[in-house]
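Participant: from the sequence below, what's the structure:
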Amino acid sequence: MTSLNGANVAFLATNGFEDSELTSPWNALDGAGAVPTMVSPNADAITGKNGHSQDVDLLSRDAKAEDYDALVLPGGVVNADHLRMDKDSIAFAKAFFEQHKPVGVICHGAWILIEAGVVDGRTMTSYPSLQTDLRNAGAAWVDKEVVVDQGLVSSRTPDDLPAFNDKVIEEIGEGKHRGQTA
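Facilitator: All right, here's what the predicted structure looks like:
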């Protein structure tokens, strides 16, 4: 297993996230030696759609991508829909692409990247209902459990979490990717 030796990884979410899509990568990254941080537009703890409560470490308006080695975007329809309307969250996510840093996104989290304008020309997967949205934004959508495109790791559903977690850890371990651009 790759050791991430204290890599700082931001998780960006708000209320309504898919519980396992936050907790599974969080635990996998923590277990690999990364330091996860919860970033949110909400100042208080956030709650997943199935009841998991997660303390917020930093507001998205105060977060800076240069302080982190990678970003993880959990899914959940409500979570992703609210985040894509938050300018600070979108700017934070886009900055990881501008700085060529790894990003992991699962399920409906791809809406955030569409709003950030960073999917054009990329190959990705997502929850199937987002395939038209991704194609309209210029991405090539494929139906696979995990897709890696120049530091961008994407998956479809909680069923894909083992493969997603492994690839996110691998990409963070590799560091910056020249092809990871906004």
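
Participant: from the centroid of the protein, which residue is nearest?
Facilitator: L73 (2.2 Å; CA atoms, centre = their mean).

Participant: what kind of secondary structure is the residue nearest to that residue when sequence neighbours are not counted in?
Facilitator: In space, and not counting its chain neighbours, L73 is closest to G109: 3.6 Å by CB to CB, 6 or more residues apart in numbering. Glycine gets a C-beta too; all of them are placed from N, C-alpha and C. Under DSSP: H, G, I helix; E, B strand; the rest coil, G109 falls in the helix class.

Participant: ok, G109 - contacts?
Facilitator: E21, L73, P74, G75, N79, A80, S126 (CB atoms under 8 Å, 6 or more residues apart in numbering).

Participant: now with 6 Å?
Facilitator: Neighbouring residues of G109 by CB atoms under 6 Å, 6 or more residues apart in numbering: L73, G75, A80.

Participant: so where does the last one fall, helix or strand?
Facilitator: Following DSSP states H and E, one finds A80 within helix 77-83.

Participant: got the CA positions of that helix in PDB?
Facilitator: Extracted in PDB, the C-alpha atoms of helix 77-83 (Å, rounded to 0.1, in the frame of the first residue of the first chain):
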ATOM      1  CA  VAL A  77     -27.500  14.800  -5.000                       C
ATOM      2  CA  VAL A  78     -28.300  17.500  -2.400                       C
ATOM      3  CA  ASN A  79     -24.600  18.000  -1.500                       C
ATOM      4  CA  ALA A  80     -23.400  18.400  -5.100                       C
ATOM      5  CA  ASP A  81     -26.400  20.600  -6.000                       C
ATOM      6  CA  HIS A  82     -25.800  23.000  -3.100                       C
ATOM      7  CA  LEU A  83     -22.000  23.100  -3.600                       C
END
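
Participant: no further questions, thank you.
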